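*Asks:* Quick one: sequence and predicted model below, then my questions.
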Amino acid sequence: MMRAPLVSRTALVLAVAAALPLVLAHGGDGGHGMHGNGSMEADMPKDESEYPPTYFAHPEHRGLIVGHIALMTIGWVFILPVGAAVMFSLVSSRYTIYTQFVFLATNAVGVLLSTIYNASTPDLYPGNAHHSIGWIITWVVSAQVLIGLVGRIARVVRGSHHRADSEAHKPTFLPVSEEDYREFRHSNDSGQGTEPGTESLRSNSVSTVNGDHDLDNLHKEYEEDADLEEMPLTSPAAPKTTKFGKLAKLVASTRIWKYFELVYKIIDRIILPFGFIAFATGMIAYARFFEGHGVYSGLAHWIKGGIFFWLGLFTLGRWSGAFAEVGWAWNIRPRPQHQKWRPTAEFTESFLIFFYGSTNIFMEHLGGAGGAWSAQDLEHLAITVLFIGGGLCGMLIESAWIRNLLNTSMIEVEPMPLSDEEREQSFEPATYKFSLNPIPALVIMLLGIMMSSHQQPSMLSSMVHKQWGDLLFGASLARGLTYILIYLRPPTSIYPSRPPTELLAAFGLMAGGIIFMASSSDTVAGMIHYKMEEMFMYTVTMGLVGVLMAWEIFVLALKGWAQRKERRSTFH
């Protein structure tokens, strides 16, 4: 009887949530129509002479630059996540070093092609950041591979010497033929009585004919045994170690080696975002975006869009089971023997929102530095204030100390004898074990709504902003549905519960982040110049995000396979 009201409330919430986007979309259409009608002239492409030459349109040596882009995509998007970064390397797989060398070879060929291309073409983007970042990240990855190679060789050398030492201490038995054994027997011993069931074995007496002769034979036997003990026993020869192996073992045994291992682990965790930065700056240099004053628009859109894209990757990783050991995979956190405090995923999201708002509040007027504040600048400033307040509120909600203080009025109630039913009512609700904090999702939802209705200088720009605003709104709505599901039926297992709504949230964040990056002023100008409609970028992004989500799930599954394989090899 109690389930009917619960189902009714759930259906009502879902119906309201489904109708909310329609209401908001209906209310925003008129605004977009007004913005579009007033700025149709801005959508007309400029004269060809007004656009500077770009690598994208440069007709010479196109094969070199296409080969460079293809190899870098294969290396940084497909090979690096598997072998050199968060998968094989994090689980210390035996395949790590091989995939790292494959990546280095792919990257080296790509760098060679770009070097030849740069030498064969004019410098169309002087002082671009991609060249410097590309070389820095190449040397960083090379250093990581070198550290991993030295550590692996040192482990192999130590392991071979340990096996040799253990083999040398094993007892070694020299084979003796039956004829030699018989000749070694006493001359007065007929050999009878040594077999089971003979009379001499059943008798307790020993008969001797000549005691002196037996004593001489006994001394002779002891002397021969002493000679055998002095003979060197056969043992496996110590493994031959190369000079590089000795050097690797020496380096790995120094005190400073632990710092190299720390650097290796840090690179493991930052190399993918670093590679994303190199990839993004490569696209900027290829299309010659954000020169001069346009750098501020580029930084604002590409940094924010990149953050939302990576938040989508993080959300999909949580759904897949990543960070389950700290309770971030919508599961019960396993209780370790020595429990340490770990922030919740919502606390981390709230902190990032607060940090972004705190640092970005001083950058909203950089584009118009020295001039008067415009209404658009104040709108952006208000958004940063929203990020500061929302992030701070989210962190306070996630604080166990704050929640405990909020329960003070009930904790300090004077104790009195309680019945069994009243005692059950004094227990903490099951939802206390999980974070039900919609503030981060609310901040992202409000950002999407505001940007969907934000006035832009062109119709195309307004439509592109509306696209990523709607996607962020949908992602936030999906996260809200996740909290409803968790509230109605909290997880009871340490295994990831994998709410299906998180797949929708991940898709919306990843797609919204990419289109956010594409809504910058120079990107929109390029779309207008090449007569691309807003749906071109939208449809391409949808297909790309679908492929990337499939690839991430496959890579995380591959990590699990490698980890199981290493465990089996350790046990056997």
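*Replies:* Thanks, I have the structure now.
*Asks:* Wait, residue 323 touches residue 317, no?
*Replies:* Yes - using Cβ atoms under 8 Å, residue 323 is in contact with residue 317, at 7.2 Å. C-betas here are computed from N, CA, C, even on glycine.
*Asks:* Residue 374: neighbouring residues, count only.
*Replies:* Residues near residue 374, counting by other Cβ atoms under 10 Å, number 12.
*Asks:* now it: how far from residue 381?
*Replies:* Distance of residue 374 to residue 381, given as Cβ to Cβ, to the nearest Å: 11 Å.
*Asks:* I'd like to know which elements the top helix by length along the chain is packed against.
*Replies:* Counting residues, the longest helix in the chain under DSSP state H turns out to be helix 129-168. Using 3 or more Cβ pairs under 8 Å, 6 or more residues apart in numbering; DSSP states H and E, the elements in contact with helix 129-168 are helix 96-120, helix 243-252, helix 257-287.
*Asks:* Point out the one among the ones you listed that comes closest to residue 468.
*Replies:* With distances scored as Cβ to Cβ, the stretch of the helices and strands packed on helix 129-168 nearest to residue 468 is helix 257-287 (16.2 Å).
*Asks:* The following helix or strand past that closest one to helix 257-287, inter-axis angle?
*Replies:* Sequence-wise, the next helix or strand downstream of helix 257-287 (DSSP states H and E) is helix 295-320. If you take axes from the mean of the first three to the mean of the last three Cα atoms, to 10 degrees, helix 295-320 sits at 120 degrees to helix 257-287.
*Asks:* Check which residues of helix 295-320 are buried.
*Replies:* 296-298, 300-320 (16 or more other Cβ atoms under 10 Å).
*Asks:* Residue ranges of each domain in this structure, please.
*Replies:* Segmentation of the chain into domains, based on automatic domain parsing, reads 14-52+297-412+428-572, 53-165+238-287.
*Asks:* In terms of helix, strand or coil, where does residue 330 fall?
*Replies:* Following DSSP: H, G, I helix; E, B strand; the rest coil, we place residue 330 in the coil state.
*Asks:* pLDDT below threshold where in this structure?
*Replies:* 1-49, 83-86, 158-249, 251, 336-339, 363-371, 411-426, 570-572 (pLDDT under 70).
*Asks:* If we use 50, what do you get?
*Replies:* Applying pLDDT under 50 to the chain flags the ranges 1-41, 161-165, 168-169, 172-174, 181, 184, 186-215, 218-239.
*Asks:* got the end-to-end distance for stretch 450-458?
*Replies:* 17 Å (Cα to Cα, to the nearest Å).
*Asks:* Next, give phi and psi for residue 128.
*Replies:* phi -70, psi 150 (degrees, to the nearest 10).
*Asks:* List the contacts of the residue nearest to it when sequence neighbours are not counted.
*Replies:* Distance criterion Cβ to Cβ, 6 or more residues apart in numbering; nearest residue to residue 128, sequence neighbours excluded, is residue 285 at 4.2 Å. Residue 285 is in contact with 55, 125, 128, 129, 130, 131, counting by Cβ atoms under 8 Å, 6 or more residues apart in numbering.
*Asks:* Mind doing that once more with 10 Å?
*Replies:* 54, 55, 124, 125, 128, 129, 130, 131, 133, 134 (Cβ atoms under 10 Å, 6 or more residues apart in numbering).
*Asks:* so the fourth one makes contact with residue 289?
*Replies:* Yes - counting by Cβ atoms under 10 Å, residue 125 touches residue 289, with 9.1 Å between them.
*Asks:* Overlap in contacts, these two.
*Replies:* residue 54.
*Asks:* Give me the more crowded residue out of the two.
*Replies:* residue 289 (23 against 20).
*Asks:* can you tell me the helix or strand for the residue lying closest to that one once chain neighbours are set aside?
*Replies:* The shortest distance from residue 289 to any non-neighbouring residue, by Cβ to Cβ, 6+ apart, is to residue 522 (4.2 Å). Applying DSSP H and E as the criterion places residue 522 in helix 521-529.
*Asks:* Repeat that for residue 380.
*Replies:* Going by DSSP H and E, residue 380 is part of helix 375-398.
*Asks:* pull the CA atoms of that helix into CSV?
*Replies:* C-alpha atoms of helix 375-398 as CSV (Å, rounded to 0.1, in the frame of the first residue of the first chain):
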residue,chain,number,x,y,z
ALA,A,375,26.4,45.4,-19.9
GLN,A,376,27.9,42.2,-21.4
ASP,A,377,30.9,42.5,-19.1
LEU,A,378,28.6,42.8,-16.1
GLU,A,379,26.6,39.8,-17.2
HIS,A,380,29.8,37.7,-17.4
LEU,A,381,30.8,39.1,-14.0
ALA,A,382,27.5,38.0,-12.5
ILE,A,383,28.1,34.5,-13.9
THR,A,384,31.4,34.3,-12.1
VAL,A,385,29.7,35.4,-8.9
LEU,A,386,27.2,32.6,-9.4
PHE,A,387,30.2,30.2,-9.7
ILE,A,388,31.7,31.5,-6.5
GLY,A,389,28.5,31.3,-4.5
GLY,A,390,27.4,28.0,-5.9
GLY,A,391,30.7,26.4,-5.4
LEU,A,392,31.0,27.6,-1.8
CYS,A,393,27.4,26.4,-1.1
GLY,A,394,28.2,23.0,-2.6
MET,A,395,31.3,22.6,-0.5
LEU,A,396,29.4,23.5,2.7
ILE,A,397,26.7,21.0,1.9
GLU,A,398,29.4,18.2,1.4
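*Asks:* Which strands and helices lie in contact with that helix?
*Replies:* helix 345-360, helix 400-406, helix 439-452 (3 or more Cβ pairs under 10 Å, 6 or more residues apart in numbering; DSSP states H and E).
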